[in-house]
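Enquirer: Need a 3D model of the following:
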Amino acid sequence: MNLYDLAYGQPRLLRHTLTAPVKGLRIGFLTDLHVTRYREKAIAERVIEPFSREETDLLLLGGDYGETREGEEIFFRLAASLRPRYGSFAILGNNDKERFGSSFPLIRRMAEKAGIQVLINEEAFLRLPQGKIAIGGLDEKKYGQPSARGIFRRAGEDTMRILMCHYPSSVDKAISQAAKMPHLVLCGHTHGGQLSLFGITCYTFGYDKRFGGTNHHFVSGFRKFPEGFSMLVSNGLGESLIPLRIGAPRQMHIIETV
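Expert: Here you go, the predicted structure:
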């Protein structure tokens, strides 16, 4: 076992089942990798290689890809080796904006070079052998202006609708703005609290309070809500501020539709 494993533990691959209009779809979801140079080998071996064997139909990416600009470049270079059948789609997190500042368009070009389409208050509409898919991606909330207005307008009842929001606290407003309810919402940002003792995290004591306090804001897990949509808030794969996790294991996800 190397130092990386001792410090962070082996990432957990979690599998979820979702009832949706499009059946038999395998969706991969990765978020909050916070890649740095010293994590490059571990990310390649523990994340990229296992995911490449999963044969996903879609790869969805939830933001915060690097702790440095170099880390962002490393991530997109590694992610280029992931080849889902029907494409890769990404949103951006607050860290991504912080790393690129006025050079922000560069990250979109890096992603496109890796075969990844970035969605910023935008929608991708796919016609697959299994059926029609609409993927909406919101801007991040700290520096950007997330808006779901117009998203899912073209999506009929036979279309599977997926919404990606970096901040879970963006979900309430997005659902009220979107033309139709999503079937699946994917979020990151929280790291599962990163430091969690018996379920008590920094969020318990009001951390990031200006982004919390919404009906569908929770720190980690996969839940189905009475409104008819399911929501996944991932612990993600990296760390910020301090390189330590306690009680919030690193996660990557496969969602299968039935």
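Enquirer: quick one, what contacts residue 33?
Expert: Residue 33 is in contact with 43, 47, 64, 65, 66, 75, 236, 237, 238, counting by C-beta atoms under 8 Å, 6 or more residues apart in numbering. C-beta: built from backbone N, CA, C; applies to glycine.
Enquirer: Let me know the pLDDT of it.
Expert: On pLDDT, residue 33 comes in at 96.
Enquirer: Likewise for residue 240?
Expert: pLDDT, residue 240: 83.
Enquirer: host element of it?
Expert: Assigned by DSSP states H and E, residue 240 falls within no helix or strand.
Enquirer: Give me the nearest residue to it, chain neighbours excluded.
Expert: Excluding the flanking residues, the one nearest residue 240 by C-beta to C-beta, 6 or more residues apart in numbering is residue 34, at 5.6 Å.
Enquirer: Check residue 107 too.
Expert: residue 100 (5.2 Å).
Enquirer: got it, and residue 247?
Expert: residue 196 (3.6 Å).
Enquirer: Wait, residue 81 touches residue 48, no?
Expert: Yes. Counting by C-beta atoms under 8 Å, residue 81 does reach residue 48; the two are 6.1 Å apart.
Enquirer: Contacts only, for residue 256.
Expert: Residue 256 makes contact with 15, 16, 17, 18, 24, 25, 26, 27 under the criterion C-beta under 8 Å, 6+ apart.
Enquirer: Write the PyMOL selection for whichever of the residues you listed are buried.
Expert: Only the buried entries of those go into this PyMOL selection, using 16 or more other C-beta atoms under 10 Å:
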select buried, resi 18+25+26+27
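Enquirer: isn't the residue nearest to residue 247 right next to residue 244, touching?
Expert: No. Residue 196 is beyond contact range of residue 244, at 11.5 Å (criterion: C-beta under 8 Å).
Enquirer: more neighbours, those two?
Expert: Taking neighbours as other C-beta atoms under 10 Å, residue 196 and residue 244 compare with residue 196 leading, 21 against 10.
Enquirer: thinking again about what came up before, reformat the contacts of residue 256 as TSV; add pLDDT, secondary structure and distance to residue 71.
Expert: Output for the contacts of residue 256, formatted as TSV (pLDDT from 0 to 100; DSSP: H, G, I helix; E, B strand; the rest coil; distance: C-beta to C-beta, whole Å):
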residue	pLDDT	secondary structure	distance to residue 71
15	98	strand	28
16	98	strand	28
17	98	strand	33
18	98	strand	31
24	96	coil	35
25	97	coil	30
26	98	strand	28
27	98	strand	25
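Enquirer: between the contacts of residue 256, which is nearest residue 184?
Expert: Comparing the contacts of residue 256 against residue 184 with C-beta to C-beta places residue 18 closest, at 5.8 Å.
Enquirer: And the helix ranked longest in the chain, what's buried?
Expert: Longest helix in the chain by number of residues (criterion: DSSP state H): helix 69-79. For helix 69-79, the neighbour count (16+ other C-beta under 10 Å) marks 69, 71, 72, 73, 74, 75, 76, 78, 79 as buried.
Enquirer: Same question for stretch 226-236.
Expert: Within stretch 226-236, the residues scored as buried using 16+ other C-beta under 10 Å are 229, 230, 231, 232, 233, 234, 235, 236.
Enquirer: quick one, helices of the protein?
Expert: Counting by DSSP H, the helices of the chain are 3-8, 40-43, 49-52, 69-79, 94-100, 105-113, 171-177.
Enquirer: All set, thanks.
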